[in-house]
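In: My questions are about this predicted structure, shown below with the sequence.
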Amino acid sequence: MKPCPIVLLTDFGHHDPFVGVMKGVIAGLAPAARVIDLCHEVPPQDVRAGAFQLRLSAPFFPKGSLFVCVVDPGVGSARKILWARTARHQFLSPDNGLLSWLTEPVLEWREVSNRKLWLSQVSSTFHGRDIFAPVAAHLAGGRRPAALGPAVRPSWELTFPEARRQGPVLSGEVLAFDRFGNAITNVARAAVPDAARIFFGASEIGPVSASYAGKPEGSALAVFGSSGFLELAVRNGSFQARYKASLGDAVEARG
Amino acid sequence: MKPCPIVLLTDFGHHDPFVGVMKGVIAGLAPAARVIDLCHEVPPQDVRAGAFQLRLSAPFFPKGSLFVCVVDPGVGSARKILWARTARHQFLSPDNGLLSWLTEPVLEWREVSNRKLWLSQVSSTFHGRDIFAPVAAHLAGGRRPAALGPAVRPSWELTFPEARRQGPVLSGEVLAFDRFGNAITNVARAAVPDAARIFFGASEIGPVSASYAGKPEGSALAVFGSSGFLELAVRNGSFQARYKASLGDAVEARG
Amino acid sequence: MKPCPIVLLTDFGHHDPFVGVMKGVIAGLAPAARVIDLCHEVPPQDVRAGAFQLRLSAPFFPKGSLFVCVVDPGVGSARKILWARTARHQFLSPDNGLLSWLTEPVLEWREVSNRKLWLSQVSSTFHGRDIFAPVAAHLAGGRRPAALGPAVRPSWELTFPEARRQGPVLSGEVLAFDRFGNAITNVARAAVPDAARIFFGASEIGPVSASYAGKPEGSALAVFGSSGFLELAVRNGSFQARYKASLGDAVEARG
């Protein structure tokens, strides 16, 4: 059987050998498994940011992909590690809500508690290396999920911050910024009438544009981005810098 | 047939899951294709910088490599996406001049217009995921380039900023900085006499050194770098920081 | 024969195509070889930092792995390039001490001097591309190490900065910081009594904690990290920033 792809999502960054060492462990136990880096620059210990990235990204990965998700402020505590399965994918994650915002329902949860599938020595600070990587390799190599540990329920679920409607005004917020300084909001396409005007705080950005390219250089614009959510941008500039925007800042669609 | 290597060059950075998602799309459509990251830190929307990186890097990749080049300030506009073929390589790129500085002549251009090879839903902001990645996967899997779309001519060509000679003075400029703060110029080796003295603005750097290592720690030096172009460096330091150097700053080889 | 994994450790960063070009060279000469990025953010030209990362990481890679280590302030000088073999691994490295702190003894050293295994043109500034990558590809493809060049002894060995004991006080120092701002020290677990109190300069950090998670948010703590060495951390914060800590700062375990 061909091993499933292993997809890594962490807050480990690129400054240190953390991700490389996880790949070393995987290469030893599942030499034929393909490893794909989804992202390693989740802001440190920001479980919500990781959950949001996973929500937007997972649908584009092939059936059978195994996501290894390590944003883990509770590493070394008694928090469990979970395995989860949806119709198309599998996931390993700390039990901290990181899998709360998947677009597919989770059909099965298990606790990752079978120490025979971990490294023989487990540190209190780097479970990515000592537990997540070897367990992922065993799964990719064909080990049955039932071997990981017993069925459980997750302890935490994060509530997605849905935009709220009050009359003609839909009130949302900035959920993330990307590399280009675009602000990604929680305002979904389906909720916004075609004629709506978009506001960032007191600043009117204008109607929704069809693309970045529809505006002159340096203009602010609102566009439904690749996330499916409304994004605020500055054409070939940074919205975040221009508007001194922060996570949680208010965004409205009026009318 | 073994799939050709897919080589990614983008300005997507590592902060976001953009590159990871492209790899997810490729893994679904061409599971056996090998994907190589050339660079993802092209300065945002800087087509010239991407063109220069591609010029210096492509010759070191094996015959048959497919370069997927996404530096795309016009994403979502009516700009075309192009496929190009040289004697050794294939390329996908926005029609914005990004392929202008290849060292091999382009033998064939096509417009990437056959929507059957794209994702079924195409956003206006992330053609890397929705068009470039699936088209690359189809090509890597053996799809014939003629299936992509009709033969075309590119709309844009960037002029390479050649250094200019006036008598004994060859005048060039800084084209790029690397991670170490070395300044890469457009002054080519063949154009510089052995006895030339190198100037950065009014500062004499000295004659061309054989290597970084020929000078004491902290000294400025000029060397023909791995690019084949003259590079200005500070031995185990940053030329860019020491000289407050900027892109476009004047560099001269005299005599 | 299946090619051995090639593991890359460099100070090339992600800003430039340096690492990508090395992979291009490898892909041309050893198309079936798997390449794993260990880390590319070793601080520029910091041989000690690279040696420390290698010491902590290599044990987690499978037998047969070939580490290509390029932290090379002497590139272009007469410094040799070395191949080394331990019981489980192979290494390529400049002859500058980068392999000094491996946990396994080196059983064989060779000089990498056979130019037939290099690229035909060798720059004075990028031996990663011109020598290390092609030599690694040849080794991964099954070339015998004896073909690289003659047996030699390394010219440099770095002394590991061991912590020193004077009566009840064990005096160490900060060796590295990770992405999260944790300070990794040279104080090894075996040398610290259970009841010891940890000091950073004049600040008492407290006894050694079992994990990050044992303390409230924002508290400083000392923990034996995944490195096996004492690490100073701030729970879900940055020790480096909070304590304005620098490399070499004094750390003590008392009692």
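Out: On my side now, so go ahead. These figures come from a predicted structure and were not determined experimentally. Numbers count the residues shown, from 1 in each chain, chains lettered A, B, ... in the order given.
In: Using the three-state scheme, assign the spatially closest residue to A:S77 that is not a sequence neighbour.
Out: Spatial nearest neighbour of A:S77, excluding adjacent residues (C-beta to C-beta, 6 or more residues apart in numbering or on different chains): C:A213 at 3.2 Å. For glycine as for every other residue, the C-beta is placed from the backbone atoms N, C-alpha and C. Here C:A213 is helix, with the state taken from DSSP: H, G, I helix; E, B strand; the rest coil.
In: Quick check, C:A213 in contact with A:G74.
Out: Yes - if you go by C-beta atoms under 8 Å, C:A213 and A:G74 touch, sitting 5.1 Å apart.
In: residue contacts, the residue in the stretch 51-200 of chain A that chain C sits nearest to?
Out: Going by C-beta to the nearest C-beta, chain C is nearest to A:G76 of the stretch 51-200 of chain A, at 2.4 Å. The contact partners of A:G76, taken as C-beta atoms under 8 Å, 6 or more residues apart in numbering or on different chains, are A:S124, A:T125, A:H127, C:A210, C:S211, C:Y212, C:A213, C:G214, C:V223.
In: Next one: it from A:S123, what distance?
Out: 8 Å (C-beta to C-beta, to the nearest Å).
In: Please apply the same query to A:N96.
Out: 19 Å.
In: So between those two, which is more surrounded?
Out: A:N96 (26 against 19; other C-beta atoms under 10 Å in any protein chain shown).
In: got a pLDDT number for the more buried one?
Out: You'll see A:N96 listed with a pLDDT of 97.
In: Please determine whether whichever strand or helix holds A:L9 lies in contact with chain C.
Out: Assessed by DSSP states H and E, A:L9 sits inside strand A:6-10. No - applying C-beta under 8 Å from any C-beta of the partner chain, one finds strand A:6-10 separated from chain C by no less than 10.3 Å.
In: Would you mind identifying the next helix or strand past that strand?
Out: helix A:18-29.
In: what residues are up against A:V234?
Out: Here A:V234 is in contact with A:G181, A:G218, A:S219, A:A220, A:L221, A:R242 (criterion: C-beta under 8 Å, 6+ apart).
In: List, one by one, the residues from the stretch 1-150 of chain A near chain B.
Out: A:2, A:5, A:7, A:9, A:14, A:34, A:36-41, A:53, A:56-57, A:60-62, A:65.
In: and if we set it to 6 Å?
Out: Within the stretch 1-150 of chain A, the positions near chain B by C-beta under 6 Å from any C-beta of the partner chain are A:P5, A:I36, A:D37, A:L38, A:C39, A:E41, A:Q53, A:S57, A:F60, A:F61, A:P62.
In: Restricted to strands, list the residues you listed.
Out: Secondary structure from DSSP state E places A:I36, A:D37, A:L38, A:C39 of those in strands.
In: For those, which entry has the maximal number of neighbours?
Out: A:L38 (25 neighbours).
In: ok, now how distant is that residue from A:H127?
Out: From A:L38 to A:H127 the distance is 18 Å (C-beta to C-beta).
In: Please enumerate the helices of the stretch 101-250 of chain A.
Out: A:127, A:133-140, A:239-242 (DSSP state H, counting those that start in this stretch).
In: hang on, the earlier thing: ranking the contacts of A:G76 by neighbours, who comes first?
Out: In the contacts of A:G76, the most neighbours by other C-beta under 10 Å go to C:Y212, 26 neighbours.
In: residue of chain A with the smallest distance to chain B?
Out: For chain A, C-beta to the nearest C-beta, closest residue to chain B: A:S211, 2.4 Å.
In: where does A:F180 land on pLDDT?
Out: 92.
In: give me every residue that touches it.
Out: Counting by C-beta atoms under 6 Å, 6 or more residues apart in numbering or on different chains, A:F180 makes contact with B:P44.
In: Got phi/psi on it?
Out: As for A:F180, its main-chain torsions (degrees, to the nearest 10) stand at phi -90, psi 0.
In: how close does it sit to B:T125?
Out: 10 Å.
In: do A:F160 as well
Out: Using C-beta to C-beta, A:F160 is found at 22 Å from B:T125.
In: Report the buried residues of stretch A:156-167.
Out: A:A163 (16 or more other C-beta atoms under 10 Å in any protein chain shown).
In: Excluding sequence neighbours, find me the nearest residue to A:A241.
Out: Using C-beta to C-beta, 6+ apart, the nearest residue to A:A241 is A:G181, at 5.6 Å.
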